[in-house]
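J.: Sequence first, then the predicted structure, then my questions.
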Amino acid sequence: MKLKLGVAAFLAAAIPAVAHAQQNSPPANAPKPTMADVQKLVQAIGSDKAKVKAYCDIGKLQEQMEQAEQKKDTKTADALSTKADALAKQLGPDYEKVMGGLDQLDPNSPEGRRYSAAFQPLFKQCK
């Protein structure tokens, strides 16, 4: 149960973080990803140790961004967002496309939970 909650929390944090990181980008209105898109992405990241590290590092940065935003420390949040954006680029355009489309999902909805569950193999690799 804690793992599912953690994945949901990670995705809930990831969606605003990616949106924050993309504020300087032109609006793309990324389409909602399919489950096949997510599974392909998870497999691609999970099979590359460098990408797994980047993915996990993004998760850590997102936690730090949340803390900075709670403290109203926009300077720190922006700096962390820049780092997360650079790591996202290392994960490739598929990552940015999928994460950009996930903002259309409520992570607490049944559909959002299915997508969260698809990320569990990556979440388990982050320690």
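T.: Noted; the coordinates are in hand.

J.: for the protein, which spans come out with low pLDDT?
T.: 1-28 (pLDDT under 70).

J.: could you pull out the helices for it?
T.: 2-21, 35-46, 49-70, 74-91, 93-101, 110-118, 120-125 (DSSP state H).

J.: Serialize those helices to a markdown table and add fields for distance to Asn29 and mean neighbour count.
T.: Bear in mind the C-beta positions are built from the backbone N, C-alpha and C, glycine included. Converted to a markdown table, those look like this (distance: least, CB to CB, whole Å; neighbours: other CB atoms under 10 Å):
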| stretch | distance to Asn29 | mean neighbour count |
| --- | --- | --- |
| helix 2-21 | 12 | 18 |
| helix 35-46 | 16 | 16 |
| helix 49-70 | 22 | 18 |
| helix 74-91 | 18 | 17 |
| helix 93-101 | 9 | 19 |
| helix 110-118 | 18 | 17 |
| helix 120-125 | 25 | 16 |
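
J.: correct me, but Asp57 touches Leu87?
T.: Yes - if you go by CB atoms under 8 Å, Asp57 and Leu87 touch, sitting 5.5 Å apart.

J.: how about Ile106, phi and psi?
T.: Not quite, residue 106 is Asp, not Ile. phi -90, psi 120 (degrees, to the nearest 10).

J.: contacting residues for it?
T.: Applying CB atoms under 8 Å, 6 or more residues apart in numbering to Asp106 gives the contacts Gly112.

J.: What separation is there between it and Lys83?
T.: 27 Å (CB to CB, to the nearest Å).

J.: Ok, Gly112 next?
T.: Gly112 is 26 Å from Lys83, by CB to CB.
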